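Enquirer: Sequence unavailable; structure follows:
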């Protein structure tokens, strides 16, 4: 019925996307709604990072800069200009794409750890500049005014269902874009550059253009998630959105799920986010930081035992089954 | 004029401290191509250790840095045995991310046990001691730390360049397989490199407790500065790290004084980016 395995997975995704809108109605409860919203948001964030770092192999630790620019785009439109987030978010996405191209163009010359450390430095520079930039709130950040509920302001106070649906829309958008890239010529270019830049260039792939356009796309999708994050939290400040910790979330979720795979970011978020939210809620009597200690321990164990993440585990088991049965892996 | 001298001295003193903090990281990177993300947290652990030794046993950091060095040698070696060895070569960023997990674990363990409060030892031998030099005020604890830093860097440099163990470390860094064929136990060399790297940062942390408050987040900035220093100096070069650390210290203190205190780290990271884009392998890299 289906042409190949990838198509099967895609129909699976459509089925999941069809069922998800009904989730809050069936389960209810605002805490669960919060967790579900966060899973979808972080899955979308991780997937946006996956474009440049998973498919294209350029491990960036600087995505919180783009996320932050998106968050500030939405917040500035609402707080400083009394406008709607619907105008701020696209502008934030454009700004993030522009910034990403400007900073990536020189940085793509760097290899391995030198590239990683350069992206750390960029996060620190942006974080500190935003901290002292008073027009956009400086270290205090921007606090949203009280606004009427609804899609117009993209804000809800009594129920979280609106946010849930918004996060779902972003989730479907980002995953569809990545699915489209995966099947499109661009996806092959990205993977060719990851596997060997010189080889790809010798076959006529313009690796600079490929990397920069992947980075711009990745940054603008991260900025979209940032805009949602600002709307959801009703405030932004630099440590919240534009910090190394936020950058690491993009990285860790994708790596836990499986870097460079379509489902990895979703699986990673599905495991890490409930773990984070529930340990924070239920282990708080043990004192501060226990949730993050467990988080750290899990990261260590995953990196030691299965650096390819959950997708690595799944592949390990399915390959064994296939090897026993038909013999085509 | 006296302002200039003051800023210059401050820059050199903090630069030498950064050199000591970064030396261990530089070795780990140079020999094994591994970035230890938990480096700043190693520093924090050493600071807590020497703080509690001073608080409970009443031993001054001027002496307890030895304990800091030994303890962090063990922590470094354990980190290699338990984490680095098992994640090395599996995926490109696996050791970096595994040590990021370790840094979260250590930071939040200290947060949980010792609260986020800032703690500063009082009544230490060198506390508040200063003297005047060319119209500038020099703080004795910082000066002593700087002298220690030079001494430790020189002995590490001597160890690598002049001893048989050092030659084995260099051989391992150049070509692991060839070194093994020559009868070098590279496992032990890696263990030693991580131990020495930990010991350097342990000594730094021990001495810093005299004049810096310890808290669970203290390592974050030092980690980043150490990364920048090592990358700026170039792959595993100890003289490069010293030079880069002095540069970073001077940029920090001059930008902090002549531009604004809030932009000093912006200047530090910006200088790093500018240099690294001109010389992608660092100042002394090859």
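Expert: Looks like it arrived, so ask away. Since the model is a prediction, treat every value here as computed from it, not as a measurement.
Enquirer: Pick out the residue in the stretch 101-250 of chain A sitting closest to chain B.
Expert: Nearest to chain B, among the residues of the stretch 101-250 of chain A, is residue A:121, at 4.0 Å (Cβ to the nearest Cβ). To be clear about C-beta, it is placed using only N, CA and C from the backbone, and glycine gets the same treatment.
Enquirer: neighbours around that residue, how many?
Expert: The tally of other residues near residue A:121 (other Cβ atoms under 10 Å in any protein chain shown) stands at 25.
Enquirer: do residue A:160 as well
Expert: A total of 21 residues lie near residue A:160 under the criterion other Cβ under 10 Å.
Enquirer: Can you check what pLDDT the model gives the nearest residue to the residue of the stretch 101-250 of chain A closest to chain B once chain neighbours are set aside?
Expert: Using Cβ to Cβ, 6 or more residues apart in numbering or on different chains and skipping the chain neighbours, the partner closest in space to residue A:121 is residue B:269 (4.0 Å). Per-residue confidence (pLDDT) for residue B:269: 91.
Enquirer: Residue B:269 reaches residue A:123, doesn't it?
Expert: No: under the contact definition of Cβ atoms under 8 Å, residue B:269 does not touch residue A:123, with a separation of 9.0 Å.
Enquirer: follow-up on the earlier one: part of a helix, is the residue of the stretch 101-250 of chain A closest to chain B?
Expert: Yes: remark: residue A:121 belongs to a helix, assigned using DSSP: H, G, I helix; E, B strand; the rest coil.
Enquirer: got a list of what it touches?
Expert: Counting by Cβ atoms under 8 Å, 6 or more residues apart in numbering or on different chains, residue A:121 makes contact with B:224, B:228, B:269, B:272-273.
Enquirer: now residue B:283
Expert: B:232-234, B:240, B:243-244, B:275.
Enquirer: and what of residue B:64?
Expert: B:49-50, B:53-54, B:206, B:209.
Enquirer: got those residues as CSV, with secondary structure, neighbour count and distance to residue B:141 columns?
Expert: Putting those into CSV (DSSP: H, G, I helix; E, B strand; the rest coil; neighbours: other Cβ atoms under 10 Å in any protein chain shown; distance: Cβ to Cβ, whole Å) gives the following:
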residue, secondary structure, neighbour count, distance to residue B:141
B:49, helix, 23, 18
B:50, helix, 31, 13
B:53, helix, 22, 16
B:54, helix, 22, 13
B:206, helix, 31, 12
B:209, coil, 29, 10
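Enquirer: Among these, which one lies nearest to residue A:99?
Expert: For the contacts of residue B:64, the minimum distance to residue A:99 (Cβ to Cβ) is 40.3 Å, reached by residue B:209.
Enquirer: and that closest one, backbone torsions?
Expert: Phi and psi for residue B:209, reported as degrees, to the nearest 10, are phi -60, psi -20.
Enquirer: Likewise for residue B:92?
Expert: In terms of degrees, to the nearest 10, the main-chain angles of residue B:92 are phi -50, psi -50.
Enquirer: coming back round to it: among the contacts of residue B:283, which are within reach of chain A?
Expert: The subset of the contacts of residue B:283 within reach of chain A, by Cβ under 8 Å from any Cβ of the partner chain, is empty.
Enquirer: Surely residue B:124 forms part of a strand?
Expert: No: when classified by three-state DSSP, residue B:124 is found to be coil rather than part of a strand.
Enquirer: what's the spacing between it and residue B:211?
Expert: Distance check for residue B:124 against residue B:211: by Cβ to Cβ, to the nearest Å, it reads 9 Å.
Enquirer: what is in contact with the two at once?
Expert: Shared contacts of residue B:124 and residue B:211 (Cβ under 8 Å, 6+ apart): residue B:141.
Enquirer: from the contacts of residue B:64, which is closest to chain A?
Expert: Nearest member of those to chain A, counting by Cβ to the nearest Cβ, is residue B:49, at 18.8 Å.
Enquirer: Up against chain B, what does the stretch 201-329 of chain A have?
Expert: So far as Cβ under 8 Å from any Cβ goes, the stretch 201-329 of chain A lies against chain B at A:244, A:248, A:251-252, A:255, A:259, A:286-290, A:292-293, A:295-300, A:303-304, A:307-308.
Enquirer: hmm, which of the residues you listed are the buried ones?
Expert: Among those, those classed as buried by neighbour count (16 or more other Cβ atoms under 10 Å in any protein chain shown) are A:244, A:248, A:251-252, A:255, A:259, A:289-290, A:292-293, A:295-296, A:298-300, A:303-304, A:307-308.
Enquirer: So which elements touch the helix or strand containing residue A:73?
Expert: Per DSSP states H and E, residue A:73 falls inside helix A:63-79. In this structure, helix A:63-79 makes packing contacts with helix A:30-49, helix A:85-107, helix A:112-132, strand A:142-143, helix A:207-233, strand A:235-236, helix A:238-241, helix A:244-257, judged by 3 or more Cβ pairs under 8 Å, 6 or more residues apart in numbering or on different chains; DSSP states H and E.
Enquirer: before we move on, could you check phi and psi at residue B:130?
Expert: Main-chain dihedrals, residue B:130, degrees, to the nearest 10: phi -140, psi 160.
Enquirer: Measure how buried the residue nearest to residue A:89 when sequence neighbours are not counted is and give me the count.
Expert: Nearest residue to residue A:89, sequence neighbours excluded (Cβ to Cβ, 6+ apart): residue A:227, at 3.8 Å. Using other Cβ under 10 Å, residue A:227 is surrounded by 30 other residues.
Enquirer: Tell me the pLDDT of residue A:227.
Expert: For residue A:227, pLDDT reads 94.
Enquirer: surely it meets residue A:67?
Expert: No: using Cβ under 8 Å, residue A:227 makes no contact with residue A:67, being 9.2 Å away.
Enquirer: related to what we said a few turns ago, distance check, the residue nearest to residue A:89 against residue B:94.
Expert: 33 Å.
Enquirer: hmm, back to that, which members of the residues of the stretch 201-329 of chain A next to chain B occur in helices, if any?
Expert: Residues of those located in helices (DSSP state H): A:244, A:248, A:251-252, A:255, A:290, A:292-293, A:295-300, A:303-304.
Enquirer: coming back round to it: what residues does the residue nearest to residue A:89 make contact with?
Expert: Residues near residue A:227 by Cβ under 8 Å, 6+ apart: A:70-71, A:73-74, A:85, A:88-89, A:92-93.
Enquirer: if I look at it, how far off is residue A:81?
Expert: For residue A:227, the distance to residue A:81 (Cβ to Cβ) stands at 14 Å.
Enquirer: Where does residue B:132 sit, in terms of helix or strand?
Expert: According to DSSP H and E, residue B:132 maps onto strand B:130-133.
Enquirer: How about residues contacting that strand?
Expert: Residues from elsewhere that reach strand B:130-133, judged by Cβ under 8 Å, 6+ apart: B:9, B:137-140.
Enquirer: wait, what's in contact with residue B:129?
Expert: Residue B:129 makes contact with B:139-141 under the criterion Cβ under 8 Å, 6+ apart.
Enquirer: most surrounded residue in the residues you listed?
Expert: residue B:141 (23 neighbours).
Enquirer: Which helix or which strand is home to the closest residue in space to residue B:24 that isn't next to it in sequence?
Expert: Using Cβ to Cβ, 6+ apart and skipping residues adjacent in sequence, the residue nearest residue B:24 is residue B:197, 3.2 Å away. Element membership for residue B:197 (DSSP H and E) is helix B:186-208.
Enquirer: Enumerate every residue touching residue B:60.
Expert: Residue B:60 sits next to B:54, B:124-125, B:210 when contact means Cβ under 8 Å, 6+ apart.
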